[in-house]
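*Asks:* from the sequence below, what's the structure:
(chains A and B)
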Amino acid sequence: MMRQFRHSLLGRLLADPMAVFALTIIIGLVVVAIFADAISPHDHTLMNLADRFAPPSTTYWLGTDNLGRDTFSRLAQGSRIALYVALVAVSISGMIGLILGMIAGFGPRWLDNLLLFIFDTLRAYPTIILALALAALLPRGLSTVIIVVVITSFSEYGRVVRTQTLSLKNAEFILAERAMGASPARMVFHHILPNVLGPFFILAAMNLPVVITIEAGMSFLGIGVPPGTPSWGATLKDGFDYIRNTPWIIIAGGLPLILVTLGFTFLGEALRDQLDPKLRKSR
Amino acid sequence: MTAPILTLRDVVVEFPALRGLKAMMAPRNARHVQALSGISLDVARGETLAIVGESGSGKTTLARAINGLLPLAGGEIWFNDMALHQRPDWHAIRRQMAMMFQDPVGSLSPRKTVRELVLEPFAIHGQDVGNPSQTAQRLLEDAGLNADFLNRYPHQLSGGQARRVGVARALALNPAMVLADEPTAGLDVSVQGEILNLLNGIKAEHGLTTIIITHNLNILRHIADRIAVMYLGRIVEIGPVTQIMEQPRHPYTAALMSANPEPDPTTRRARIILSGETPALTARPSGCEFHPRCPVARADCGSQIPELTKAGPRAVSCHYPISENT
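*Replies:* This is a model prediction of the structure:
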């Protein structure tokens, strides 16, 4: 039993200190997001004008902002937004990329070329410019952030999945399936899909922090969440205006962003080390 | 002889040699190379035909063309009175024509267990499995593996074990014919023997027609009834196994047979060394395509193309075949 666990994916991950560090941060983030209301010492919308710009103290763990709102409570609430945007955007863009990538890899050549053209066009477009353009067209809110992320990142999944599918398409076991009379649907869903999912999940784990930073970046530029929403990016923006006199607001706002980005990136790297046997050998 | 189960007439398979703009500008006959150029063959029900030849002679291409994995550029293939050259129902045909690939482990889907792999043919062809566990176990036991292997993954199998799983899969639905591409490749000699005995046993039991593609001349006598020797996508000699091996008539066959190491060191055989490389398919020699390397070539070999001419049970395509009494 114990031996089996040690050889399972989770068991191998727990043997890797980097992965343990990453998982600790991610579990911490999830716990904070779930219990945000319970662990917040103050109501995150409550303005206490008497305590504006309060430095970190036992009452206000991370200080208060220009309206006297407790920064720690706002960051705890912000973790929900970050996690929500990251999970929704990555799932949607991942699904689109997975489906289009397998179609491109397995389908006829002209379709492959067409989809590659779309992928390359979207990849070449700078995220922030697209975000600004879409923000002018769409109402301000989380769904706009998610649309921007989906449009700019599904092509990345699409490309990875396409390459994997393409190399598997001519593998001998796929030929063997064809020679046995298997339908294209069976070859794709039973035999190609399970082999594509490994790299796909690595990419998804590595993209989660990217999405969180895009959300924060858009909120920082004022085209993300509506004003008053306690997103991490909004906290950064609030702090930025007062960076000379009360730097703790922007420092506190940046910390969770840095930690979560590191956490997911390390998890992605640890997953890659474990799932890609070639890389594992070289380490 | 009863009606053949498989008949090939002038089968041609081409691969594109050039792509895009270059292909448009090149003359029509330079756009493709012929991997198979005019193969004609009859395989009788229940017989075992071995196809031998150097790498690149088109053996694997032939098997893949018969199974429909490669499109035909010309010619006809008939299997059980079904025309394989006229867009047939491959799904139904492949139920009767199983194929085994070279790489024993690589031809098994890596994320499926042995149990899933051996039961897959039933799912593909909508056949009733009965009791899945019992069926899977019976199929494995017929292929010489015990039930302990049912929950293993392909990477946990040795080459010989994976080959047995491949055999179990190929025979799951009682096909009429099996195409085996190098069934002994990559296996050590003792395992080769076991696999060949397994194939022979199954053949005897089910009256299976088998086409075996091989490099391995030592196994021919044990398993084949007839041999077809291929060179540059053509059959140069075909006939019963002992006749071809003991009295090859085509100089290429003779060279091929003499290249096979003799297990008995006391019997020395004249080794025929061929000069030069196998010509590229893009630059086929004129006349008899073997003449630049042929030790007995004469002047007109380079200008006239020999026909595959029948003489009794065998056929050879050579202007000056080695006569039987020399």
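*Asks:* how about low-confidence regions in chain A?
*Replies:* Applying pLDDT under 70 to chain A flags the ranges A:1-7, A:276-283.
*Asks:* near chain B, which residues of it show up?
*Replies:* A:171-173, A:175-183, A:186, A:190-191, A:194-195 (Cβ under 8 Å from any Cβ of the partner chain). Glycine gets a C-beta too; all of them are placed from N, C-alpha and C.
*Asks:* can you select the buried ones from those in PyMOL?
*Replies:* What follows is the PyMOL syntax selecting those of those that are buried according to 16 or more other Cβ atoms under 10 Å in any protein chain shown:
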select buried, chain A and resi 171+172+173+175+176+177+178+179+180+181+182+186+190+191+195
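*Asks:* just the ones of the residues of chain A next to chain B in helices?
*Replies:* With DSSP state H as the criterion, helices contain A:Glu172, A:Phe173, A:Leu175, A:Ala176, A:Glu177, A:Arg178, A:Ala179, A:Arg186, A:Pro194, A:Asn195 from among these.
*Asks:* ok and the residue in chain B nearest chain A?
*Replies:* Distances between chain B and chain A by Cβ to the nearest Cβ are smallest at B:Arg94, namely 3.6 Å.
*Asks:* following the strand or helix carrying that residue, which helix or strand comes up?
*Replies:* Following DSSP states H and E, the helix or strand that holds B:Arg94 is helix B:90-96. Next along the chain after helix B:90-96, taking DSSP H and E as the criterion, comes strand B:97-100.
*Asks:* right, and the helix or strand after that next one?
*Replies:* Strand B:97-100 is succeeded, C-terminally, by helix B:114-124 (DSSP H and E).
*Asks:* measure how the helix or strand just after that next one sits relative to helix B:114-124, angle-wise.
*Replies:* Downstream of helix B:114-124, the next assigned helix or strand under DSSP H and E is helix B:132-142. Per axes from the mean of the first three to the mean of the last three Cα atoms, to 10 degrees, the angle that helix B:132-142 makes with helix B:114-124 is 110 degrees.
*Asks:* close to chain A, is helix B:132-142?
*Replies:* No - using Cβ under 8 Å from any Cβ, we find that helix B:132-142 stays clear of chain A, coming within 14.0 Å at best.
*Asks:* which outside residues touch that helix?
*Replies:* Here helix B:132-142 makes contact (Cβ atoms under 8 Å, 6 or more residues apart in numbering or on different chains) with B:114-115, B:118-119, B:122, B:129, B:146-147, B:149-150, B:164-165, B:168-169, B:171-172, B:202.
*Asks:* picking that back up, max pairwise distance over the ones in helices among the residues of chain A next to chain B: which two?
*Replies:* Largest separation among those by Cβ to Cβ: A:Ala179 and A:Pro194, giving 20.0 Å.
*Asks:* quick check: closest non-adjacent residue to B:Arg9.
*Replies:* Once flanking residues are discounted, B:Arg9 sits nearest to B:Glu76: 4.4 Å by Cβ to Cβ, 6 or more residues apart in numbering or on different chains.
*Asks:* then A:Ile251?
*Replies:* Using Cβ to Cβ, 6+ apart, the nearest residue to A:Ile251 is A:Gly239, at 7.6 Å.
*Asks:* and what of B:Ile235?
*Replies:* Using Cβ to Cβ, 6+ apart and skipping residues adjacent in sequence, the residue nearest B:Ile235 is B:Ala228, 5.1 Å away.
*Asks:* ditto for B:Val33
*Replies:* Among residues not flanking B:Val33 along the chain, B:Leu281 sits closest, at 4.3 Å (Cβ to Cβ, 6+ apart).
*Asks:* returning to that earlier point: isn't the residue nearest to B:Arg9 right up against B:Gly38?
*Replies:* No - between B:Glu76 and B:Gly38 there is no contact, the gap being 11.6 Å when judged by Cβ atoms under 8 Å.
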